[in-house]
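Participant: sequence plus the predicted model coming up.
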Amino acid sequence: ESAITLEKAILAIKILRKLVIQGLKKPEENADAMSFISKLFIEARTLLDVRKNSPPQLREHLEKYCVLHQKIWYDLLENHPFSFVQHISTCLSFICSLCFTPAGEGLLFQRFTIFCLNLLKGVLLCMEYRPAKNIEDTRDPITLQAHRIKQEFFRLETINEICTRLISNYLPLSGDDLQLWDEDPEGYAFEEGGDSWRYSWRPCCETVFLTLFHEYRESLASLLVSLVRNNHAPVDPANLTAILQKDAIYNAVGLAAFDLYDEIDFDSWLTSSLSLELGVNDSNYRIVRRRVCWLLGQWSGVKLSPELRPRLYEMLMPMLTNSEDLVVRLAAAKAMKVVIDDFEFSVEELEPYLEQVFSLLFALLKEVGECDTKLNVLNVLSYLIERVGVSIRPICSALLHYLPTLWEESANHNMLRCSILSTLVFIVQGLGTVSEGLLPFLGPVLELSTDLTQDCHIYLLEDGLELWLTLLHNTAKPYDSLLQLLPRIPPLLALGSENLRTTIYILQAYVLLCPLRVMETIGNAVVQELSTQYGDLQDEGVLMILRLVETWLRAGPPHTPQVLEPLLLMVMDAVHTGTDYPMLMSLHLSILSRLILSSHALFASLCLTTATKLNSNHNDVAGKVLDVWCDKMPCVTAPERRKLLALALSSLLTTESPVVLSRVYIVFLNVAETLNDVTRPDEQGGIIDSLMAGVGDVVLDTDDIDYETEHDSRKRQIAMQDPVHTIVLKEYVQSQVNAMALQLGETNYKEIIGNVDVETRDNLLEYVTL
């Protein structure tokens, strides 16, 4: 009967919770609602007394009923903070008397305590209870009222007592913690992230401590510093109570590292007592060793002299050996990752220890059994490989032999496979062309990761594409296992979305690696897919496609323009319309320039097709395109592109087309301005083309300037053959002017030149003879 009554009470309080929190816009204006909230504090206290002496079968219902009281307070604070102001004082007194004084002994249970501590944290952090920096500027009087209530409650002795109790009663490890450590070390070492403080004991206690310390740092710093000073020396390994207390204090100091920056000299603490404590090998002392490893990670990025960094590696390495407790080893691995993930990290400092650190982490990876633990250790290894780059080459062969086995074992763990893929990305970057030896393993891995018919692609696709791209960048020639992946590209392009960028980069890498094979295998399918998407993409997506088209025209076989025709027609349309913003227009004009330089007939054919589509005359279309070109050319800022456009315009001078001849003056104006931009005086007093290969540095748009990949070499090779870097603009313009004069005859030529304005003619005469 009692159980039924309790169930009814639980249902009733759930309904009341909905009514108060969601049914009232301003609960504080409803006297009944506020009276109900006030009575909950008295009732909750009574329920705790009842629960203490209740039979076990009722205890679960009573606990649930108690927690529902707290949920109403918490919801009110979160959703209607101003309605909660009149209850702040009662709430804080209720929490502190139960959680931080002997009055709560024997009454509390874990879920209730977690809710109490979260409620305390909620009051401390509530933004609506914070006045402006200058209190007079605070607009809402209720905010000031809440601030006054908090100030009156959180006096110095109160916050000192709460802080001391948190460290002495809430942060120490419990008997259950130590039992789990012994029975399931990997399960114990696994750290919950996210919002685990809402429902898990340790994260809850730690976040409440950190919140309190952060709010009242100036008052509490001296308390914590004195606790460290009194407990920094190693303790008797047989005294478990002292060890647990030391662990809690060190935990508090690690959590509050940023707030204690000015209070603690971490360098001297590290070199004196912390290094000694890592040397105490007693079984009980593993608790302190693990905490010190964690502490090194917490403080290394906050306050550590650069010269002590090697000492840090020396201290952590013994903690990774297989004679050490597994939980300590996992803590040391995590600390190692934090230490190398530092702004001041230097590969040179780690170099003497790199091989040993790598082999210790690798041994740990093989030894652990749980998927999550393997994932964490592999992440540390992966990060280490990323940070040291090519230095990894001599030492990672054992890992390379192990990864295929780990890949097979992780068939049911997609997240672990994601981590393997991202590790492989860093390994391939570090190994460069040496990674070609991994293709028998990487080929099938990439096939699986990019197979859209397999469910696992949802997890693996993003990292798989990244690995595929990295492998192409570091491959010297097109191996069969890479060529077999080509048919995967069109369906991946059709998928669009967030992977479109990487897929286009992959396609671009293939175009430079094996242009003819790409054209024969997937050329038409790719062009069709990109043409379909072109109109729906944002400017950023269109830019990626245009860059690909330009690369294809530069590197592809002679019949490339015919295959790319659907996309080239879109480029022609865009120039004819003339409304795209400068960066897009710059690429459109660059693509047309390359087309004109390779074949005038192709350009004429595109004009004809566009004219037919627009029901216009092809000369009108060509004229409009030239007008837009000459109008927009000043907006093209990159010297390489300006020169390319000028070369193409100069090339048109010999077409004998009336469309071009009637616009010679504007063509000459743009060519003259480009000559001003790209020529410079040499040491002998002559003038040279600054963009010629071998003159200065030919700048490449490489992805990473730290090291040159095979892909970068291919880009450089293509650049060295580019008309921009092989044709001297001044000489080309001169030859085109001479050819035009011969074609037109002296009278017509002089008439046309006579129509060019004096300023443009004088400018041109600085470079060429007219």
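Facilitator: Nice, thanks for sending it over.
Participant: next, residue 685: secondary structure please.
Facilitator: The three-state label for residue 685, taken from DSSP: H, G, I helix; E, B strand; the rest coil, comes out as coil.
Participant: list phi and psi for it.
Facilitator: phi 100, psi -10 (degrees, to the nearest 10).
Participant: give the contact list for it.
Facilitator: By C-beta atoms under 8 Å, 6 or more residues apart in numbering, no residues touch residue 685. C-betas here are computed from N, CA, C, even on glycine.
Participant: who are the packing partners of the helix or strand residue 364 falls within?
Facilitator: Element membership of residue 364 [criterion: DSSP states H and E] is helix 347-367. Here helix 347-367 touches helix 309-316, helix 326-340, helix 371-388, helix 397-409, going by 3 or more C-beta pairs under 8 Å, 6 or more residues apart in numbering; DSSP states H and E.
Participant: buried residues in it?
Facilitator: Neighbour counts over helix 347-367 (16 or more other C-beta atoms under 10 Å) mark 349-350, 353-354, 357-358, 360-362, 364-365 as buried.
Participant: what's the answer for stretch 602-610, then?
Facilitator: Residues 603, 605-607, 609-610 are the ones in stretch 602-610 that count as buried (16+ other C-beta under 10 Å).
Participant: could I get these as TSV with distance to residue 131?
Facilitator: Output for the buried residues of stretch 602-610, formatted as TSV (distance: C-beta to C-beta, whole Å):
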residue	distance to residue 131
603	70
605	73
606	68
607	70
609	70
610	67
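Participant: so which of those belong to strands?
Facilitator: Using DSSP state E, no member of the buried residues of stretch 602-610 sits in strands.
Participant: looking at the buried residues of helix 347-367, spot the one nearest residue 170.
Facilitator: residue 364 (31.1 Å; C-beta to C-beta).
Participant: let me see the confidence value for that closest one.
Facilitator: Looking at residue 364, its pLDDT is 93.
Participant: identify all contacting residues around the helix holding residue 364.
Facilitator: Counting by C-beta under 8 Å, 6+ apart, 309-310, 313-314, 317, 320-322, 326, 329-330, 333, 336, 340, 374, 377-378, 380-381, 384, 387-389, 391-392, 394-396, 398-399, 402, 406 sit against helix 347-367.
Participant: measure the closest residue to residue 646 other than its chain neighbours to residue 634 for me?
Facilitator: What sits nearest to residue 646 in space, not counting adjacent residues and going by C-beta to C-beta, 6 or more residues apart in numbering, is residue 674, at 3.8 Å. The gap separating residue 674 from residue 634 is 10 Å, by C-beta to C-beta, to the nearest Å.
Participant: the more surrounded of those two?
Facilitator: The neighbour comparison of residue 674 against residue 634 (other C-beta atoms under 10 Å) goes to residue 674, with 24 against 12.
Participant: in whichever strand or helix holds that one, what counts as buried?
Facilitator: Secondary structure assignment for residue 674, by DSSP H and E: helix 664-678. The neighbour-count check on helix 664-678 (16+ other C-beta under 10 Å) flags 664, 666-672, 674-675, 677-678 as buried.
Participant: make a markdown table from those residues and add pLDDT and distance to residue 463 to it.
Facilitator: Output for those, formatted as a markdown table (pLDDT from 0 to 100; distance: C-beta to C-beta, whole Å):
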| residue | pLDDT | distance to residue 463 |
| --- | --- | --- |
| 664 | 91 | 56 |
| 666 | 92 | 51 |
| 667 | 93 | 50 |
| 668 | 94 | 54 |
| 669 | 94 | 52 |
| 670 | 94 | 47 |
| 671 | 94 | 49 |
| 672 | 94 | 52 |
| 674 | 94 | 44 |
| 675 | 93 | 49 |
| 677 | 91 | 43 |
| 678 | 91 | 43 |
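Participant: so what's the residue count around residue 504?
Facilitator: Using other C-beta under 10 Å, residue 504 has 20 neighbouring residues.
Participant: for the nearest residue to residue 93 once chain neighbours are set aside, list the residues it contacts.
Facilitator: Nearest non-adjacent residue to residue 93, counting by C-beta to C-beta, 6+ apart: residue 153, 7.6 Å away. Applying C-beta under 8 Å, 6+ apart, we find residue 153 in contact with 88-89, 92-93.
Participant: which of the residues you listed are buried?
Facilitator: 88, 92.
Participant: can I get the contacts of residue 153 in a markdown table including distance to residue 130, pLDDT and secondary structure?
Facilitator: Converted to a markdown table, the contacts of residue 153 look like this (distance: C-beta to C-beta, whole Å; pLDDT from 0 to 100; DSSP: H, G, I helix; E, B strand; the rest coil):
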| residue | distance to residue 130 | pLDDT | secondary structure |
| --- | --- | --- | --- |
| 88 | 13 | 93 | helix |
| 89 | 17 | 93 | helix |
| 92 | 16 | 94 | helix |
| 93 | 21 | 94 | helix |
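Participant: residue 621: which of the contacts of residue 153 is nearest?
Facilitator: Nearest to residue 621 among those: residue 88, at 75.3 Å, using C-beta to C-beta.
Participant: residues touching that closest one, list them.
Facilitator: Neighbouring residues of residue 88 by C-beta under 8 Å, 6+ apart: 123, 129, 146, 149-150, 153.
Participant: how close does it sit to residue 211?
Facilitator: Taking C-beta to C-beta as the measure, residue 88 falls 16 Å from residue 211.
Participant: could you do residue 620 as well?
Facilitator: For residue 620, the distance to residue 211 equals 72 Å [C-beta to C-beta].
Participant: settle it for me: which of those two has more neighbours?
Facilitator: residue 211 (18 against 14).
Participant: quick one: the more buried one is in a helix?
Facilitator: Yes. If the criterion is three-state DSSP, then residue 211 is within a helix.
Participant: surely it and residue 125 touch.
Facilitator: Yes. Between residue 211 and residue 125 there is a contact at 6.1 Å, judged by C-beta atoms under 8 Å.
Participant: of all the helices and strands packed on helix 347-367, which one is nearest residue 157?
Facilitator: Using C-beta to C-beta, the helices and strands packed on helix 347-367 put helix 326-340 closest to residue 157, at 35.6 Å.
Participant: does residue 688 belong to a helix, a strand or coil?
Facilitator: strand.
Participant: now do the phi/psi pair for the residue lying closest to residue 410 once chain neighbours are set aside.
Facilitator: Leaving out its chain neighbours, the residue that sits closest to residue 410 by C-beta to C-beta, 6+ apart is residue 416, at 4.2 Å. Backbone torsions of residue 416, given as degrees, to the nearest 10, read phi -70, psi -40.
Participant: residue 416 and residue 438, how far apart?
Facilitator: Using C-beta to C-beta, residue 416 is found at 19 Å from residue 438.
Participant: mind listing what's buried in stretch 635-649?
Facilitator: Under the neighbour-count criterion of 16+ other C-beta under 10 Å, stretch 635-649 has 636, 640-649 buried.
Participant: which of these sit farthest apart?
Facilitator: Within the buried residues of stretch 635-649, 640 and 649 form the most distant pair, 15.2 Å apart (C-beta to C-beta).
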